[in-house]
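Visitor: need coordinates for the following:
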Amino acid sequence: MGAFFLLVAASRLPAQSAQAPRAAGEPSEKRPDSAGKRTYAVEWRLIRAGTVTLEFNKTQATMHLQSSGIVSSLFKVDDVHEAWYNEGYCVTSTVMNSMEGHRHHETRVTYDRNQNRAWFVERDVLNNAIVQQANTEIPNCVSDVVGALLKFRGMKLEPGQTAQLPVSDGRRFAMVAIKAIEREDVKTPSGAYHAIHYDAGIMNGVIYPRKGHVDFWLTDDIRKTAVQIRLRLSFPVGSVTLQLEKEEAE
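Guide: Residues are numbered from 1 along each chain as shown. All right, here's what the predicted structure looks like:
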């Protein structure tokens, strides 16, 4: 459950103001924000499943994932993912503090750009025990899932075009393909937007062994605001949708 929240929230990209969303088709001269706080609502099977909050600047991102309502009564999730970057969203380290059900784990990854290697350690906090250790070869500049989508904002893809980004979770590395599908209108709690629909091959069985589809929608303007993300998995999870709900400037 916590893993799917992390993937869905991977679009923790800067967003337009919920108070004054850009009118559909209106060009924007504003550049992507370098810092801010964004909140996304998570929907699963037509119910409110949780909230994803992202705080970010040029060198760091913190994502807080919380389940709510009936989902919390079934399986409570309270995860905090932190990542640190060099220029260009080349990740240097990440820390994931996950409290899911009765489990409390801490996962640390160090990305060594001198050795071109990532080191992964997952620890059971309650039992003070190492759960898993791994390492993998990486290119000199690689991104975690959060950084990859932040980096993607600087790329211009028209429908039908595909780009590839190097992504690693510390255990595995892969070149992830992102394809621009088509232009669509998207309505969210923060407003209606003209957007471009993208398909991200992050769940291709390489980095994450469980296969699925990740789609996301960015506004069709210079800011490329993430307004919607959808994760599609097999039973029993099914589809989960994350939509832009609130924006706070810093």
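Visitor: which elements pack onto the lengthiest strand in the chain?
Guide: If you go by DSSP state E, the chain has its longest strand at strand 173-188. Where contact means 3 or more CB pairs under 8 Å, 6 or more residues apart in numbering; DSSP states H and E, strand 173-188 is packed against strand 162-168, strand 191-200, strand 213-219, strand 226-232, strand 239-248. The C-beta positions use only the backbone N, C-alpha and C, and glycine is treated the same way.
Visitor: got CSV for these, with distance to residue 54 too?
Guide: Shown next, in CSV, are the helices and strands packed on strand 173-188 (distance: least, CB to CB, whole Å):
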stretch, distance to residue 54
strand 162-168, 18
strand 191-200, 17
strand 213-219, 14
strand 226-232, 10
strand 239-248, 10
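Visitor: now these as a markdown table including mean neighbour count, mean pLDDT and distance to residue 119?
Guide: Output for these, formatted as a markdown table (neighbours: other CB atoms under 10 Å; pLDDT from 0 to 100; distance: least, CB to CB, whole Å):
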| stretch | mean neighbour count | mean pLDDT | distance to residue 119 |
| --- | --- | --- | --- |
| strand 162-168 | 18 | 95 | 11 |
| strand 191-200 | 20 | 96 | 25 |
| strand 213-219 | 22 | 93 | 26 |
| strand 226-232 | 23 | 91 | 28 |
| strand 239-248 | 20 | 89 | 30 |
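Visitor: figure out which of those strands is closest to residue 105.
Guide: strand 162-168 (19.0 Å; CB to CB).
Visitor: that closest one packs against which elements?
Guide: Going by 3+ CB pairs under 8 Å, 6+ apart, strand 162-168 lies up against helix 145-152, strand 173-188.
Visitor: most tightly surrounded among those?
Guide: Mean neighbour count, computed with mean count of other CB atoms under 10 Å, is highest for helix 145-152 among the helices and strands packed on strand 162-168, reaching a mean of 24.
Visitor: quick check: mean pLDDT of that one?
Guide: For helix 145-152, mean pLDDT is 89.
Visitor: picking up where we left off before, for the longest strand of the chain, which strands pair with it and how are they oriented?
Guide: strand 162-168 (antiparallel), strand 191-200 (antiparallel) (DSSP bridges).
Visitor: let's see that strand as PDB, backbone CA atoms only.
Guide: Only the C-alpha atoms of strand 173-188 are listed here, as PDB (Å, rounded to 0.1, in the frame of the first residue of the first chain):
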ATOM      1  CA  PHE A 173      18.600   0.900 -12.100                       C
ATOM      2  CA  ALA A 174      16.800   1.300 -15.400                       C
ATOM      3  CA  MET A 175      16.200   3.800 -18.200                       C
ATOM      4  CA  VAL A 176      12.600   4.700 -17.900                       C
ATOM      5  CA  ALA A 177      10.600   5.600 -21.000                       C
ATOM      6  CA  ILE A 178       8.100   8.400 -20.800                       C
ATOM      7  CA  LYS A 179       5.700   8.900 -23.800                       C
ATOM      8  CA  ALA A 180       3.500  11.800 -24.600                       C
ATOM      9  CA  ILE A 181       0.100  10.300 -25.500                       C
ATOM     10  CA  GLU A 182      -2.400  13.200 -26.300                       C
ATOM     11  CA  ARG A 183      -3.800  16.500 -25.300                       C
ATOM     12  CA  GLU A 184      -6.700  16.300 -22.900                       C
ATOM     13  CA  ASP A 185      -8.800  18.500 -20.700                       C
ATOM     14  CA  VAL A 186      -8.600  17.600 -17.000                       C
ATOM     15  CA  LYS A 187     -10.800  18.700 -14.100                       C
ATOM     16  CA  THR A 188      -9.500  18.600 -10.600                       C
END
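Visitor: got the angle between that strand and helix 145-152?
Guide: Put simply, strand 173-188 runs at 70 degrees to helix 145-152, going by axes from the mean of the first three to the mean of the last three CA atoms, to 10 degrees.
Visitor: alright, calling it a day.
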